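>>> this one's structure only:
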C-alpha cells in the first residue's frame, strides 16, 4: 500500500486489509510511506507490531517508486496494490486469486465503487464507478482491459519482474503497467465480486484535477510508447476496437460538446431574434396541449436515448453482478443529467495539456 | 506435439473462440440497437407522412366543400346562417403542421410540396369566398395575405411569420393567408399577378393595401385599419 500524506485514511485502509478473509500466513501487508510530510508515519506506526504488517519508509519519489519498493520487499507470488484511500470487503481477495488459475493471466482487477457517497458529485461518481464494474467485466471477457486501477488490482509477480516493475507512466502507473502487460501478450482478468470502496473527490475542482490526470495519462501513454497497440491485429479486440474507441470517445466527446453548445446558442439567438418585440407572455410561456406530431424525434435523439438507457442498464447490471450494497437511484439521476455536462470540462483541459505539453501536479 | 502442448493449444483456441463469440454477440447487440433506432425513426416518419396524407385528403374535401358552398350561395349570398366559412382555425392548424413538416422533411419533399399546393388553393378559395361575402353583404373582415420565401432570400420572413401568428392568435377576427412566393402553382402565380405583389419579401396585403418588409410588430400593427385589431368576435 503506497502512501503519501494519507494520514486521514491509512489506518482504516490497513484495518480493512487485516480483516481480509484469507490465511494469515499467506498474506503480507506492506505499507510504504513515500516521504509523507503529514501524520501518515505515525498512523502507520500503530500497526508496527502486527505480525502481518511491514512498514517501509522512503524518500518521496512518486507512487511507482513506492510500489516498486513494496514489491522488492516481498517474494509473494501475487502482488496487490491498494491505494491508501480505499477499503476492501473481507472476501475480496478470495474473489481475485482464482483469476490467476490461467497462467496467461498477468493481472486481475476488482469491482470499484465509491465509499459512502455523500454529496451529489460523489453519488454521480458512484454510478459511474458501478458502470465501470459492468464495463470491466464485459471487456475482460475479450481481454480488452487497459487499466489495472490502484484500488486492489493484483499482479503475477513473475510478469512484473519480467516487465521491469512500475514506471512513472505519465502519472498513471496503473494504466502504463496494464498497457505493458497487454503489449507483452498477457491477459488481464476481472473479479466482479471483489468489492473495493474508494474515496471519491468531493468537489468539482478535485474531480476535474483527478480526471485530467487520468485522461492526459491515457493520451500520453497511448499516443506515445503504446501507439503500436492501436490497430494492431496481434492485440485482438483491444488493438482493433477498445483503444481506437477510447480515443474516438475523447474526440467525439469534445466535438459533441462544441456542437451542442453551438446549436444551443444559435437556436437561442434565433428564437430570441424571432420573438423580439412580441409580448413575453405569448413568446415565452408555453401554451396548448401536447401533440406528438410536433415531437422532434430523429435518429440522433433516439440514438442518444438508447445510449443513455444502455448505460443505465450497465449500471444496474454492474450493481447486481458485484452485489454492491447501497442505493443507486440518486446516482442514476445525477449520472443522467450531470455527467455529460462535466465530462467535457476535463476532456478539453486534458487535450489542451497534451497538445501544449503542460504538466500538472498529482494533487 | 506433446500432450501438454496440445492442451495449451486447445485452451488457446477455446479462449480465442470465446473472445470471437463475445465480440460477435456485442456486434449483434449493436446492430440490433442501431437497427431498432433506424426502424423506429422510419416508422415515426411514415406515421407523420400518413398524417400529412390525412390532412391532404381533408384539404381536398375542404376545397370541394368551399366550391359547393360558393355555388350554393350564388342565390342567397347574405344568408347569415350560411355565409361564413369555418375554415379559419382549421387553416391555421393545418398551416402550422405543414410548416413543421416542411422543417422536418425538407421543402423539396414531394408530400410537402403537394400539400402546400393544395393548402394554397384552399387559402385562395377561402379568401375569395370571404371577399365575395364581404362585398355582397357590406361586412368588413380584416384579411392579411402574407407572402414569404424559404429559399434563403428572405431574412425577416421567420420574424414576420411569428408576428403574424401572434396577431392571429390574439385577434381571432383576423384572417391570415400565407403563401410561399416560390411555389410553382398556376393559381398562385395568377393570384400574385392579380394582387400585384412584388418579389420584395416578406410582403403583406392588408385589406388590399400592400406593405413590404418587416421591422417590428409595432410597425406591422400600424398597417392595420383602425379597430381591426380588436379582441371582439369576428364580423364574418
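It's in. This is a predicted model, so every value here is computed, not measured. Residues are numbered from 1 along each chain as shown, chains lettered A, B, ... in the order given.

>>> near chain A, which residues of chain B show up?
Chain B comes close to chain A at residues B:11, B:15, B:18-19, B:22-23, B:26, B:33-34, B:36-38, B:40-41, B:44, B:48, B:51, B:97, B:100, B:104, B:158-159, B:162-163, B:166, B:169-170, B:216-218, as judged by Cβ under 8 Å from any Cβ of the partner chain. Bear in mind the C-beta positions are built from the backbone N, C-alpha and C, glycine included.

>>> Are any of these buried, and if so which?
With neighbours counted by 16 or more other Cβ atoms under 10 Å in any protein chain shown, the residues of chain B next to chain A contain buried members at B:19, B:22-23, B:26, B:33, B:37, B:41, B:48, B:97, B:104, B:158-159, B:162-163, B:166, B:217.

>>> Any stretches of chain B with poor pLDDT?
For chain B, applying pLDDT under 70 flags the ranges B:1-16, B:74, B:76-92, B:228, B:230-236.

>>> all strands of the chain, in order?
By default, I'm working from chain A. All strands of chain A, identified by DSSP state E, fall at A:2-3, A:29-34, A:53-58, A:78-81, A:86-88, A:105-114, A:153-156, A:187-198.

>>> my bad, chain B
Residue ranges of the strands in chain B, as given by DSSP E, are B:143-148, B:175-180, B:203-206, B:209-212.

>>> that older thread, which of the buried ones among the residues of chain B next to chain A fall in helices?
B:19, B:22-23, B:26, B:33, B:37, B:41, B:48, B:97, B:104, B:158-159, B:162-163, B:166, B:217 (DSSP state H).

>>> residue ranges of the helices in the stretch 151-300 of chain A, please?
Assigned helices in the stretch 151-300 of chain A, in chain order: A:157-163, A:173-183, A:204-223, A:236-237, A:243-275, A:280-284, A:299-322 (criterion: DSSP state H, counting those that start in this stretch).

>>> Please read the previous query as pertaining to chain B.
Counting by DSSP H, residue ranges of the helices within chain B are B:3-72, B:87-105, B:110-137, B:157-170, B:186-195, B:217-222.

>>> And the residue nearest the centre of chain B?
The residue lying closest to the centre of chain B (Cα atoms, centre = their mean) is residue B:98, at 1.9 Å.

>>> how much space between it and residue B:150?
In this structure, residue B:98 and residue B:150 are separated by 12 Å, where distance is defined by Cβ to Cβ, to the nearest Å.

>>> Also residue B:61?
With Cβ to Cβ as the criterion, residue B:61 and residue B:150 are 27 Å apart.

>>> Kindly report the same for residue A:40.
Relative to residue B:150, and taking Cβ to Cβ, residue A:40 is found at 70 Å.

>>> likewise residue B:117?
The value you get for residue B:117 to residue B:150, if Cβ to Cβ is used, is 14 Å.

>>> Residue A:39 now?
Taking Cβ to Cβ, one finds residue A:39 at 72 Å from residue B:150.

>>> now residue A:107
Plainly put, residue A:107 is 61 Å away from residue B:150 if you go by Cβ to Cβ.

>>> who's more crowded, these two?
Neighbours per residue, other Cβ atoms under 10 Å in any protein chain shown: of residue A:107 and residue B:150, the larger number sits with residue A:107, 27 against 19.

>>> for the more buried one, what are its contacts?
Counting by Cβ atoms under 8 Å, 6 or more residues apart in numbering or on different chains, residue A:107 makes contact with A:148, A:153-156, A:159, A:177-178, A:181, A:186, A:188-189.

>>> Show the buried residues in these.
Neighbour counting by 16+ other Cβ under 10 Å classes A:148, A:153-156, A:159, A:177-178, A:181, A:186, A:188-189 among the contacts of residue A:107 as buried.

>>> Reformat those as CSV; add pLDDT and distance to residue A:133.
Compiled in CSV, the buried ones among the contacts of residue A:107 are given as follows (pLDDT from 0 to 100; distance: Cβ to Cβ, whole Å):
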residue, pLDDT, distance to residue A:133
A:148, 97, 14
A:153, 97, 14
A:154, 97, 16
A:155, 97, 20
A:156, 97, 22
A:159, 96, 24
A:177, 97, 20
A:178, 97, 17
A:181, 97, 20
A:186, 96, 22
A:188, 97, 15
A:189, 97, 14
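
>>> and which of the residues you listed is nearest chain B?
Ranked by distance to chain B (Cβ to the nearest Cβ), the buried ones among the contacts of residue A:107 are led by residue A:189 at 11.6 Å.

>>> you'd agree the closest one is up against residue A:103?
No: shown here, residue A:189 and residue A:103 do not form a contact pair, counting by Cβ atoms under 8 Å, at 11.9 Å.
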